[in-house]
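Novice: Quick one: sequence plus predicted model below, questions after.
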Amino acid sequence: MKIAYAFRRGTFYPFQAGAAWNIPEDPKTRTEYLGRVNDIGFDGIELGFEAFGGFDATEKTATEFQSILEDAGTPCVAIRAGGGLSQPNVAAENRAKLEKAVEVAGWTGVGVVNTALGTPPRDATLDTGPSGEPSSHGSSALATEDDFVRTANALKEVGAVAGDHGINITIEVHQHSIADNSWSTLHLLELTNSPSVFANPDLGNVLWTYEEPEETMEECIVALAPHSKYWHCKSLQRVHIPELNHSYFIRTPLPDGDIDYRFALSAMVDAGYDGYFALEGTNTGDQLHKDKRSVDYVKGILAELED
């Protein structure tokens with residue numbers, strides 16, 4: 001199992017990231033940053049399609065950027081893009097992002113396009129906030145069967161184009177999304193019925209969607225492992241305040257959080273998973289130090305499983 005860096009904090013002196021997933025543009029700083037990432041033991045990185053120029057990306061600019069990343073030993077191995085595909089006010093733009101990401105992946109030889117099907121609240125009264133509440137806007141619990149069918153039809157159509165280029169689309173289990181737990185993701189995959197559309201079982205997003213998780217992390221990973229082609233991994237410590245009907249979450253290195261990645265890795269290996277373990281890094285402090293701890297922890301468990 002290879003390890004990708006889905007970094008969530010790119011700040012590196014003297015570069016101060018605006019968006020957390022930006023990397024330095026100055027060639028000298030970028031080279032030094034990517035060198036540190038490579039030294040940690042990552043086999044590649046995940047980037048948003050915006051990093052390649054977004055809708056303005058061309059084959060020339062995209063391949064040139066990928067060449068820079070490859071020279072640093074950190075090629076882009078997954079591109080993320082998209083959003084909800086059933087809510088009319090955002091569906092067309094999100095589909096266009098997904099289609100453009102597939103095009104960029106085809107140009108650059110990236111084998112995975114990951115999409116989180118998150119949607120904004122349909123109106124202000126339905127805004128449940130970022131996470132940790134008893135309810136969640138955009139959730140599978142609030143979705144209609146028509147929402148599932150519309151989403152599946154769009155995924156099937158874009159998946160057919162991706163498949164022609166040897167690209168897999170993965171549906172990230174994500175809060176405020178029609179695919180926010182194992183059953184909804186499996187239902188969507190069944191409706192999509194595409195040889196190029198799979199799951200990304202992000203357990204961290206299951207943990208922090210609601211005040212109380214809908215399912216255990218163990219139940220989720222066992223259900224989705226056989227259907228997965230990409231895997232976002234992060235961990236958090238949950239702090240439940242029942243008097244407020246709210247849970248708060250603290251992002252941590254993998255060995256310090258509430259998700260049992262020894263169990264999760266065992267389940268994925270047993271299912272024959274051979275995709276990337278994509279570490280969603282910490283988002284505060286010295287992320288490179290913290291994320292190295294996570295990589296060392298994962299490599300140690302994988303070594304044990306291979307014995």
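Specialist: Cool, got the structure.
Novice: how near is the residue sitting furthest away from the middle of the chain to T128?
Specialist: What lies farthest from the middle of the chain is E243; by CA atoms, centre = their mean that is 32.0 Å. Remark: distance between E243 and T128 (CB to CB, to the nearest Å) = 18 Å. (C-beta placed from N, C-alpha, C; glycine too.)
Novice: again with I178
Specialist: Distance from I178 to T128, by CB to CB: 15 Å.
Novice: So for those two, which sits in the more crowded spot?
Specialist: Neighbours were counted for I178 and for T128 using other CB atoms under 10 Å; I178 has more, 29 against 19.
Novice: Quick check: pLDDT value at that one.
Specialist: Here the pLDDT value assigned to I178 is 97.
Novice: List the contacts of the residue farthest from the centre of the chain.
Specialist: Contact criterion CB atoms under 8 Å, 6 or more residues apart in numbering gives no residues in contact with E243.
Novice: confidence score at it?
Specialist: At E243, the pLDDT recorded in the model is 96.
Novice: now swap in R8 and tell me
Specialist: 94.
Novice: next one: A20
Specialist: 81.
Novice: Hmm, R9 and it touching each other?
Specialist: Yes. Here A20 reaches R9: they are 5.2 Å apart, a contact under CB atoms under 8 Å.
Novice: Mutual contacts of the two, please.
Specialist: Common neighbours of A20 and R9 (CB under 8 Å, 6+ apart) are N283.
Novice: Which one's more surrounded, these two?
Specialist: Legend: neighbour count by other CB under 10 Å for A20 and R9, higher for R9 (20 against 13).
Novice: give me every residue that touches the more buried one.
Specialist: Taking CB under 8 Å, 6+ apart, one finds 17, 20, 281-284, 287 in contact with R9.
Novice: cutoff 10 Å now
Specialist: 17, 20-22, 251, 281-288, 290-291 (CB atoms under 10 Å, 6 or more residues apart in numbering).
Novice: is it true that the residue farthest from the centre of the chain lies in a helix?
Specialist: Yes. Per DSSP: H, G, I helix; E, B strand; the rest coil, E243 lies within a helix segment.
Novice: most centrally placed residue in the protein?
Specialist: Short answer for the chain (CA atoms, centre = their mean): H232, at 4.7 Å.
Novice: could you list every residue that touches M217?
Specialist: Here M217 is in contact with 201, 203-204, 206-207, 235, 258-261, 263-264, 267 (CB under 10 Å, 6+ apart).
Novice: my bad, G159
Specialist: By CB under 10 Å, 6+ apart, the residues touching G159 are 98, 102, 113, 152, 167-169, 192-198.
Novice: what's the answer for Q66, then?
Specialist: By CB under 10 Å, 6+ apart, the neighbours of Q66 are 47, 52, 75-76, 104, 107-110.
Novice: a markdown table for the residues you listed, including distance to D307, pLDDT and neighbour count?
Specialist: Output for the contacts of Q66, formatted as a markdown table (distance: CB to CB, whole Å; pLDDT from 0 to 100; neighbours: other CB atoms under 10 Å):
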| residue | distance to D307 | pLDDT | neighbour count |
| --- | --- | --- | --- |
| L47 | 34 | 97 | 27 |
| F52 | 40 | 96 | 27 |
| P75 | 30 | 98 | 18 |
| C76 | 32 | 98 | 23 |
| V104 | 40 | 98 | 28 |
| W107 | 41 | 98 | 18 |
| T108 | 36 | 98 | 24 |
| G109 | 34 | 98 | 15 |
| V110 | 33 | 98 | 24 |
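Novice: Just these: which are in helices?
Specialist: 104, 107-108 (DSSP state H).
Novice: hmm, back to that, just the buried residues of the contacts of R9.
Specialist: 21-22, 251, 281-282, 287-288, 290-291 (16 or more other CB atoms under 10 Å).
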